[in-house]
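Peer 1: fold the following for me, if possible:
(one chain, ligands or ions: 3)
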Amino acid sequence: MLQRARELGDTIRKSKEVHIVTHIDADGITAGAIASETLQRLGKEYSIECVKQLDELILKRLTNENHELVWFTDLGSSISMEYPGINKIITDHHACEEDSNLPFHLNPHLFGFDGSYDISGAGATYLVSKSIDEKNIDLSALAVVGACGDLQDRRFCKLQGTNRRILADGKKAGVIQNKLDIRYFGRETRPMYKLLQYSDDPFIPGLSRREDACVSFLQDLNIRCKDGDCWRKWIDLNKEERQKIISSIVQMLLTKGFGHKITCRIIGEIYILSKEKPGTELHDAKEFATLLNSTARYGKYEVGLNVCLGDRGKWLQKAQNLLGGHRRNLVEGLQFAKEEKIQKRTFLQFFHAGEGIRDTIIGIVTNMMLNSEEVDSSLPLIGFANTENGDVKVSARTTQAFVDKGLDLSSALRNAAKQLNGVGGGHNIAAGATIPKGKEEEFLEILEKEIKNQLDL
Ligand code: C5P
Ligand code: C5P
Ligand code: ZN
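Peer 2: Residues are numbered from 1 along each chain as shown. Ligands and ions are numbered 1, 2, ... in the order given. Next up, the predicted model:
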């Protein structure tokens, strides 16, 4: 993989002008920022754009634009064979076919690694950046943010594989620190009761999603919710208070019959961006990733990109303003999906959000739904949402247990979408597709057959 990274680095060095095409999520933005900064430092002429997915229309346009070199980051593995008209390099981590092992394609799957946790799109892009100049190891912090944005720490409650080497670079460069702590989202910026209220991995029956119960829980432990007018955050608590909270949750989970394996997930490795101000979204890798998701998923990718490139003034302010809207959309989306009712079939369950949830966040909502108390996680969950173009966006999520049994949502969605003239792909545990409207039922039928075959049922 490092050899391939060096080869792509050579291609970049030889080019005068490079156009970057990246994905609209946190991993895509960090990947795009790493690529931009690398080219900037090399003094190259470059441009960048962010897309929801690569489709025929975009590829045709790119062919016509006649760039000297197009650098696809966090996407592109599905097209590596096609489009000889585009002179390209690809740094991606999505599942791909074996015949896409081509000299311009860097992807962990081509080297025997699993792109759902070993390395992200930002990580793959970082390997090329580092191969160009060892000084670029400061960009590893962005690669860690990208990996956390894609939930690559989820399987083992810490980053693994190539991501750990990237983490080591970050520590060497003094830009990242790792430590064990509570894994719930919002350690730096969320009021304590909210951190508990939105806890979902592990879900805490009796506390998760219940604001009043979370406030009482803290009161019962004699932990102040506020310091004067300020809500106290996890990082404001002293060691004793943190231990009290963790022991109580552990006890709650164990007495409710959750095993050791699930209960242990409350603690895991967290990643601190050492150069950022404590108590801000930028100090914690997961919070940084969410801040970025609040930008590009709403068509404002330049906001996230400028924050990644170092702006701590007007762009950061804009990103923080967008964050509130993103949070509200997630809460409302989750509520909407719950009211829509999940329909169960033999090999999967699904809901259709119609216009109720944006196609750019249906994946996050589907993920949250599968983690919630109300949804049975013993079947893969499919979420549908209508897109602005009149198509239907599909998001599919499953559990590690299913993946261990042989389920691969990436190939299942890719095959099912292909049969309906759509496009799909992703990872074994999480995948997506776009299909023509009205084809949902047919899609589900094909998908069920795919899942049945994969699991040998
Ligand atoms: O586009 P992409 O690769 O960037 O996104 C990865 C997706 O896979 C994310 O939506 C993330 O939530 C999902 N994922 C997951 N569980 C994992 C790893 C990834 O749900 N263990
Ligand atoms: O959009 P969503 O979060 O559901 O996507 C899940 C995973 O599937 C992501 O890694 C995304 O990049 C991938 N995906 C894909 N092709 C599509 C749609 C999504 O590879 N057409
Ligand atoms: Zn990614």
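Peer 1: for the rest of this, base every contact and every neighbour count on C-alpha atoms.
Peer 2: OK.
Peer 1: which residue ranges of the stretch 51-200 of the chain form strands?
Peer 2: Assigned by DSSP state E, counting those that start in this stretch, the strands in the stretch 51-200 of the chain fall at 69-73, 88-91, 105-106, 176-182.
Peer 1: tabulate those in TSV, adding columns for mean neighbour count.
Peer 2: Converted to TSV, the strands of the stretch 51-200 of the chain look like this (neighbours: other Cα atoms under 10 Å):
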stretch	mean neighbour count
strand 69-73	26
strand 88-91	26
strand 105-106	27
strand 176-182	17
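Peer 1: so can I have JSON lines of the ones you listed showing mean pLDDT?
Peer 2: Below are the strands of the stretch 51-200 of the chain laid out as JSON lines (pLDDT from 0 to 100):
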{"stretch": "strand 69-73", "mean pLDDT": "98"}
{"stretch": "strand 88-91", "mean pLDDT": "97"}
{"stretch": "strand 105-106", "mean pLDDT": "97"}
{"stretch": "strand 176-182", "mean pLDDT": "98"}
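Peer 1: now these in JSON lines, with distance to E276?
Peer 2: JSON lines is the format used below for the strands of the stretch 51-200 of the chain (distance: least, Cα to Cα, whole Å):
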{"stretch": "strand 69-73", "distance to E276": "25"}
{"stretch": "strand 88-91", "distance to E276": "27"}
{"stretch": "strand 105-106", "distance to E276": "30"}
{"stretch": "strand 176-182", "distance to E276": "10"}
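Peer 1: tell me which of the ones you listed lies nearest to E134.
Peer 2: Proximity to E134, assessed across those by Cα to Cα, is greatest for strand 176-182 (16.6 Å).
Peer 1: so what's the gap between the closest one and the chain middle?
Peer 2: Going by Cα atoms, centre = their mean, to the nearest Å, the spacing between the C-alpha centre of strand 176-182 and its chain's C-alpha centre is 19 Å.
Peer 1: and the contacts of it?
Peer 2: Surrounding strand 176-182, the residues in contact under the criterion Cα atoms under 8 Å, 6 or more residues apart in numbering are 141, 167, 170-171, 246, 266-274.
Peer 1: what about the residues you listed, which one has the most neighbours?
Peer 2: Counting neighbours by other Cα atoms under 10 Å, A141 comes out on top of the contacts of strand 176-182 with 31 neighbours.
Peer 1: give the contact list for that one.
Peer 2: Residues counted as contacts of A141 (Cα under 8 Å, 6+ apart) are L167, G170, V175, I176, L273.
Peer 1: how close does it sit to ligand 1?
Peer 2: 17 Å (Cα to the nearest ligand atom, to the nearest Å).
Peer 1: can you check N329 too?
Peer 2: 16 Å.
Peer 1: again, but for K14
Peer 2: Relative to ligand 1, K14 is positioned 29 Å away (Cα to the nearest ligand atom).
Peer 1: state the number of residues packed around G206.
Peer 2: Using other Cα under 10 Å, G206 is surrounded by 12 other residues.
Peer 1: just checking, it touches A213?
Peer 2: Yes - contact criterion Cα atoms under 8 Å: G206 and A213 qualify, at 7.0 Å.
Peer 1: give me the nearest residue to Y301, chain neighbours excluded.
Peer 2: With Cα to Cα, 6 or more residues apart in numbering as the measure, T295 is the residue that lies nearest to Y301, at 5.4 Å, once sequence neighbours are left out.
Peer 1: I should have written S377 there, sorry.
Peer 2: Of all residues not flanking S377 in the chain, L370 sits nearest, at 5.9 Å (Cα to Cα, 6+ apart).
Peer 1: tell me the phi and psi of the one you found?
Peer 2: Backbone torsions for L370, taken as degrees, to the nearest 10, come to phi -60, psi -30.
Peer 1: what's the answer for V394, then?
Peer 2: Per-residue torsions, V394: phi -120, psi 140 (degrees, to the nearest 10).
Peer 1: leaving out the residues flanking it, which one is nearest to the residue nearest to the spatial centre of the chain?
Peer 2: Per Cα atoms, centre = their mean, the C-alpha nearest to the average position across the chain is that of D150, at 2.3 Å. In space, D150 comes closest to D27 once its chain neighbours are excluded; the distance is 6.3 Å by Cα to Cα, 6+ apart.
Peer 1: the one you found contacts G121, correct?
Peer 2: Yes - with the criterion set as Cα under 8 Å, D27 and G121 qualify as a contacting pair; they are 6.1 Å apart.
Peer 1: show me which of the two is the more surrounded one.
Peer 2: Between D27 and G121, G121 has the larger neighbour count (other Cα under 10 Å), namely 33 against 30.
Peer 1: what's near enough to touch that one?
Peer 2: Listed by Cα under 8 Å, 6+ apart, the contact partners of G121 are D27, G28, A31, T73, D74, L75, T91, D92, H93, G146, A147.
Peer 1: so of these, which ones are in helices?
Peer 2: Counted as lying in helices by DSSP state H, out of those, are D27, G28, A31, G146, A147.
Peer 1: if we can go back for a sec, tell me how far the residue nearest to D150 lies from G149.
Peer 2: For D27, the distance to G149 under the criterion Cα to Cα, to the nearest Å works out to 6 Å.
Peer 1: try I357
Peer 2: Counting by Cα to Cα, the gap from I357 to G149 is 20 Å.
Peer 1: tell me the buried residues in stretch 208-222?
Peer 2: Across stretch 208-222, burial judged by 16 or more other Cα atoms under 10 Å covers S208, R209, R210, E211, A213, C214, V215, F217, L218.
Peer 1: JSON lines please, covering those and showing pLDDT.
Peer 2: Compiled in JSON lines, the buried residues of stretch 208-222 are given as follows (pLDDT from 0 to 100):
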{"residue": "S208", "pLDDT": "93"}
{"residue": "R209", "pLDDT": "91"}
{"residue": "R210", "pLDDT": "94"}
{"residue": "E211", "pLDDT": "95"}
{"residue": "A213", "pLDDT": "97"}
{"residue": "C214", "pLDDT": "97"}
{"residue": "V215", "pLDDT": "96"}
{"residue": "F217", "pLDDT": "97"}
{"residue": "L218", "pLDDT": "97"}
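Peer 1: could you dump these to JSON lines with secondary structure and distance to ligand 2?
Peer 2: Shown next, in JSON lines, are the buried residues of stretch 208-222 (DSSP: H, G, I helix; E, B strand; the rest coil; distance: Cα to the nearest ligand atom, whole Å):
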{"residue": "S208", "secondary structure": "coil", "distance to ligand 2": "23"}
{"residue": "R209", "secondary structure": "coil", "distance to ligand 2": "22"}
{"residue": "R210", "secondary structure": "coil", "distance to ligand 2": "26"}
{"residue": "E211", "secondary structure": "helix", "distance to ligand 2": "27"}
{"residue": "A213", "secondary structure": "helix", "distance to ligand 2": "31"}
{"residue": "C214", "secondary structure": "helix", "distance to ligand 2": "29"}
{"residue": "V215", "secondary structure": "helix", "distance to ligand 2": "32"}
{"residue": "F217", "secondary structure": "helix", "distance to ligand 2": "33"}
{"residue": "L218", "secondary structure": "helix", "distance to ligand 2": "34"}
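Peer 1: among these, which two are most distant?
Peer 2: In those, two members sit farther apart than any others by Cα to Cα. They are R209 and L218, at 15.0 Å.
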